[in-house]
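1. generate coordinates for the sequence data below:
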Amino acid sequence: MTKKHIFITGAASGIGRATAHRFAEEGWFILAADKNQKGLEQLHRSLKSDACAIYDLDVTDKEAFDLVMQAVGSQTNGKLDIMFNNAGIGITGFFEDIPYEETRRMIDVNVVGVVNGIYAAIPLLKATPNSLCFSTSSSAATYGAPSLAVYAATKYAVKGLTEALAVELNRFGIRVADMLPGLIDTPILYAKRYIDGKLQDDKNRTVGVNLPSDGPFRLIDPSEVAEVVWRAYEDNRVHWYVPPEIEDIDRAKTLDVEGERDQRIEQENPLLNS
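-> Down below sits the predicted model:
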């Protein structure tokens with residue numbers, strides 16, 4: 001077994017798809033999982049036939065996740081170099097306007113899905129030198145934005161889990177890190193939107209409508225994020241901010257006592273003007 005292996009959830013589009021292509025360019029074998037079977041098949045066709053395997057997977061189903069990871073282990077001789085918990089969904093609207101079932105689904109995919117993935121992958125990661133457990137958090141985990149309250153909470157959870165497991169799993173030689181992307185040009189920008197308790201049936205962008213050309217809230221191509229995932233395998237940093245300016249906002253929370261941070265976010269953040 002000479003090839004390295006990366007398992008990617010949410011691989012059918014956006015960050016996951018771009019990451020699959022980035023690692024395939026480096027000769028890695030791609031283990032791609034998603035509920036979007038059509039997108040997975042397109043990904044498989046776009047990569048070399050001997051460079052990718054696809055899995056129809058609902059990350060909220062722990063039993064299904066465990067079975068998929070068992071199949072992965074059979075294919076990789078019980079090893080896994082990177083577990084990339086990337087699958088996530090976003091739903092926008094004031095807290096009370098979003099139906100409870102939708103809120104719970106967001107929690108299940110964004111938090112429970114990550115937990116399921118880590119549980120399933122630990123045996124393979126433990127058996128692999130220099131393995132990395134990597135997850136997609138969000139710039140929403142640096143500040144709570146109106147209309148994204150629960151989404152932000154799920155990403156704060158991923159960030160906190162990452163920090164704790166970076167210490168815990170070090171005893172097995174497993175590195176743990178996450179990524180906090182800003183506004184990435186992916187389908188999540190067209191998240192479901194609820195107004196006055198009603199789902200809006202338009203197909204327009206619901207997140208980041210008015211974007212600046214530069215700064216932390218500029219629109220980022222998924223390929224730029226995929227490059228960060230690649231760099232994370234070679235570095236021991238716990239949190240990766242995309243773009244790097246997002247880190248300034250995260251740091252400012254603990255340093256700013258005069259309200260300048262909140263004023264800056266109100267002025268610059270396109271989420272508040274969507």
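2. make it CA atoms for all contacts and neighbour counts henceforth
-> Noted.
3. now do the helices in the protein.
-> 14-25, 37-46, 62-76, 100-107, 113-126, 149-168, 222-233, 246-255, 260-268 (DSSP state H).
4. so the first one versus helix 222-233, what angle?
-> What it means is helix 14-25. 60 degrees (axes from the mean of the first three to the mean of the last three Cα atoms, to 10 degrees).
5. cool, the fifth one as well?
-> For helix 113-126 and helix 222-233, the angle between their directions (the same axes, to 10 degrees) works out to 40 degrees.
6. for helix 113-126, buried residues please.
-> 113-118, 120-126 (16 or more other Cα atoms under 10 Å).
7. now for it, which elements pack on it?
-> helix 62-76, strand 82-85, strand 132-136 (3 or more Cα pairs under 8 Å, 6 or more residues apart in numbering; DSSP states H and E).
8. now do 7 Å
-> Helices and strands touching helix 113-126, by 3 or more Cα pairs under 7 Å, 6 or more residues apart in numbering; DSSP states H and E, are helix 62-76, strand 82-85.
9. do the shortest one as well
-> Contact analysis of helix 100-107 by 3+ Cα pairs under 7 Å, 6+ apart lists helix 149-168 as its packing neighbours.
10. buried set for the helix it packs on?
-> 149-159, 161-162, 165-166.
11. how about it as PDB, C-alpha atoms only?
-> Extracted in PDB, the C-alpha atoms of helix 149-168 (Å, rounded to 0.1, in the frame of the first residue of the first chain):
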ATOM      1  CA  ALA A 149     -27.700  31.400  15.600                       C
ATOM      2  CA  VAL A 150     -27.900  27.600  15.600                       C
ATOM      3  CA  TYR A 151     -25.600  27.200  12.600                       C
ATOM      4  CA  ALA A 152     -23.000  29.200  14.500                       C
ATOM      5  CA  ALA A 153     -23.600  27.100  17.600                       C
ATOM      6  CA  THR A 154     -22.900  23.900  15.700                       C
ATOM      7  CA  LYS A 155     -19.700  25.300  14.400                       C
ATOM      8  CA  TYR A 156     -18.600  26.500  17.800                       C
ATOM      9  CA  ALA A 157     -19.200  22.900  18.900                       C
ATOM     10  CA  VAL A 158     -16.900  21.600  16.200                       C
ATOM     11  CA  LYS A 159     -14.200  24.100  17.200                       C
ATOM     12  CA  GLY A 160     -14.400  23.200  20.900                       C
ATOM     13  CA  LEU A 161     -14.400  19.500  20.100                       C
ATOM     14  CA  THR A 162     -11.300  19.900  18.000                       C
ATOM     15  CA  GLU A 163      -9.400  21.700  20.700                       C
ATOM     16  CA  ALA A 164     -10.200  19.000  23.300                       C
ATOM     17  CA  LEU A 165      -9.500  16.100  21.000                       C
ATOM     18  CA  ALA A 166      -6.200  17.700  19.800                       C
ATOM     19  CA  VAL A 167      -5.000  17.000  23.400                       C
ATOM     20  CA  GLU A 168      -6.800  13.700  24.000                       C
END
